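Novice: Output the structure for:
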Amino acid sequence: MADMPRKNHEPDVSVIIGAYDAMPYLVRCLESVEAQTIGAGRLEIVAVDDGSTDGTGEYLEEFAARTPVPMRVVRQANSGGPSGPRNVGLGLARGRYVFFLDADDYFGDEALERMVAMGDRAGTDVVLGKIVGVNRGAAKSMWKETVERADLYSSNIKFTLSAQKLFRRDLLVRLGMSFDETLKTGEDALFTMEAYLRGNGVSVVADYTCYYLVGREDRNQMTKKGNYRRRFDSARALMGLIADQVPPGPRRDALMVRPFVITLLPQFGPGLLKQSDAVREKKMALAAPLMAAYWTPEMGRRLKVHERLRLTCVAEGRLDLLLDIVRFLRDKEEPATVRRGDRLHLAYPHFGEGSSVLPERAYEVTVTEWIGGRRIEAPAAGTRASFPRRVIRKARRTLLSALRAPRAHRV
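Specialist: Presented below is the predicted three-dimensional model:
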């Protein structure tokens, strides 16, 4: 698709910045917008100070007074989360696209020029630009190649659901999309997944670092705050959205991996061992309806063995078995590999006990695993891993010799 003309002097991109006590990170954040090679005339900044007390609001107003980029500043009482400021900014945006830039982070100089060009060329409604972490980790698996149209179900874009993406504003307006202000974590995942599912495609710009995700030294980041109940709220909302938009089957299972593994499963990791019996029981109770509604054995085969085993224990309400597996993981023990015919298993706790909750098939390797630095691949369908080739060749030679022998000498 060719570059789309702007109407009524609308900017190409509205950069929406929700800021709360963001100094001194805000300085570099704003400078990175001003430095965009797309040019100040094709941008606007909509900044919302969410009740800051460290001079963030004053700095936003000072910057707005001197930057060549058209900029509007809104100052409001603290809303308690990132959704409110983003929604306010979205309501004021005029651009063909919007980008939600966190006040702690910053752009690569060519980020918006490259992403807008990609969105216009491909006609897609969401554009992902490569993200790298600064003093923190960042997901990497989705940045292997630049693609005009990524497949949501087979690619790893479903594992990057943060709001730091380029969204076509027409899509958001047409669908009446906004961030769910009742969620205190995972609101960006819900928003982004809806845009993925209901929009006209997703592009990936992987050959240039578009976004720098900054780890604050004071660790004062909303994504790191909140108790376990908020995580279950987030998982419930995302699973519900996926179920509403995608009928049961392999495509739904492919998407459900994300909330199960990224949002729900960490609640049943080694940290569970430090928690009280009451908290453990409450977590199991919160997970039970989600497992009953959305967990399927077919989805379990898309997971690593220890992930599948833990979620199976949760689905069956077996906290006792779950704790045994979690202790094994906490102690960094390595499961033995066991072959049964053409199947390969990892012998985590309770393997081979004939359990109806954790049968041998629950221990089967179905995706690539890393154990003790060793890469373990799932055997290809139909292979007979328990019979070395030399044994098969010897058996074949013996059989052929017997067939060629005179009938009287055959046994």
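
Novice: Run through the strands of the stretch 251-400 of the chain in chain order.
Specialist: For the stretch 251-400 of the chain, the strands defined by DSSP state E, counting those that start in this stretch occupy 336-340, 343-347, 369-371, 374-376.

Novice: wait, which of those strands is closest to Glu194?
Specialist: Ranking the strands of the stretch 251-400 of the chain by proximity to Glu194 (C-beta to C-beta) places strand 369-371 first, at 32.4 Å. In short, each C-beta sits where N, CA and C put it, glycine included.

Novice: What is the closest one packed up against?
Specialist: strand 374-376 (3 or more C-beta pairs under 8 Å, 6 or more residues apart in numbering; DSSP states H and E).

Novice: how about Arg149, what does it touch?
Specialist: Contacts here follow C-beta atoms under 8 Å, 6 or more residues apart in numbering; on that basis Arg149 touches 122, 124, 201-203.

Novice: Out of the residues you listed, which comes closest to Val338?
Specialist: The closest of the contacts of Arg149, once distances to Val338 are taken by C-beta to C-beta, is Val202, at 40.4 Å.

Novice: I'd like to know the phi and psi angles of the residue most central in space within the chain, please.
Specialist: Central residue of the chain (C-alpha atoms, centre = their mean): Phe159, 2.3 Å from the mean position. Phe159 adopts backbone torsions of phi -90, psi 0, taken as degrees, to the nearest 10.

Novice: how near is it to Glu62?
Specialist: Relative to Glu62, Phe159 is positioned 38 Å away (C-beta to C-beta, to the nearest Å).

Novice: just the helices in the stretch 101-250 of the chain please.
Specialist: Taking DSSP state H, counting those that start in this stretch as the criterion, the stretch 101-250 of the chain carries its helices at 111-122, 169-175, 187-198, 228-245, 250-258.

Novice: Show me the one of these that comes nearest Asp151.
Specialist: Asp151 lies closest, by C-beta to C-beta, to one member of the helices of the stretch 101-250 of the chain: helix 250-258, at 9.8 Å.

Novice: Just the buried positions in that closest one, please.
Specialist: Neighbour-count burial for helix 250-258 flags 252-258 (criterion: 16 or more other C-beta atoms under 10 Å).

Novice: I would like the residues contacting that helix, please.
Specialist: Contact with helix 250-258 is made by 152-154, 158-159, 161, 189, 193, 238-239, 242-243, 246, 294, 296, 298-299, 302-303, as judged by C-beta under 8 Å, 6+ apart.

Novice: Buried subset of those residues as a PyMOL selection?
Specialist: Here is the PyMOL selection string for the buried members of these, based on 16+ other C-beta under 10 Å:
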select buried, resi 152+158+161+189+193+238+239+242+246+294+296+299+302+303
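
Novice: Max pairwise distance over the contacts of Arg149: which two?
Specialist: Within the contacts of Arg149, Ala122 and Val202 form the most distant pair, 9.1 Å apart (C-beta to C-beta).

Novice: Can you list the low-confidence ranges for the stretch 201-350 of the chain?
Specialist: Along the stretch 201-350 of the chain, segments meeting pLDDT under 70 span 219-226.

Novice: cutoff 80 now
Specialist: For the stretch 201-350 of the chain, the stretches with pLDDT under 80 are 218-226.

Novice: Could you export the helices of the stretch 101-250 of the chain to CSV, including columns for distance to Leu344?
Specialist: Converted to CSV, these look like this (distance: least, C-beta to C-beta, whole Å):
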stretch, distance to Leu344
helix 111-122, 41
helix 169-175, 44
helix 187-198, 33
helix 228-245, 30
helix 250-258, 21
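
Novice: Same list, the strands of the stretch 251-400 of the chain, but as a markdown table with distance to Val314 and mean neighbour count please.
Specialist: Listed next are the strands of the stretch 251-400 of the chain as a markdown table, based on distance: least, C-beta to C-beta, whole Å; neighbours: other C-beta atoms under 10 Å:
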| stretch | distance to Val314 | mean neighbour count |
| --- | --- | --- |
| strand 336-340 | 24 | 14 |
| strand 343-347 | 19 | 19 |
| strand 369-371 | 20 | 14 |
| strand 374-376 | 24 | 12 |
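
Novice: among those strands, which is nearest Trp143?
Specialist: Closest among the strands of the stretch 251-400 of the chain, using C-beta to C-beta: strand 369-371, at 20.1 Å.

Novice: now the closest one: how far from the chain's centre is it?
Specialist: From the chain centre to the centre of strand 369-371 is a distance of 21 Å (C-alpha atoms, centre = their mean, to the nearest Å).

Novice: contact partners of it?
Specialist: Contact partners of strand 369-371, identified using C-beta under 8 Å, 6+ apart, comprise 304-305, 334-335, 337, 346, 375-376.

Novice: if I look at Asp170, how far off is Val126?
Specialist: 12 Å.
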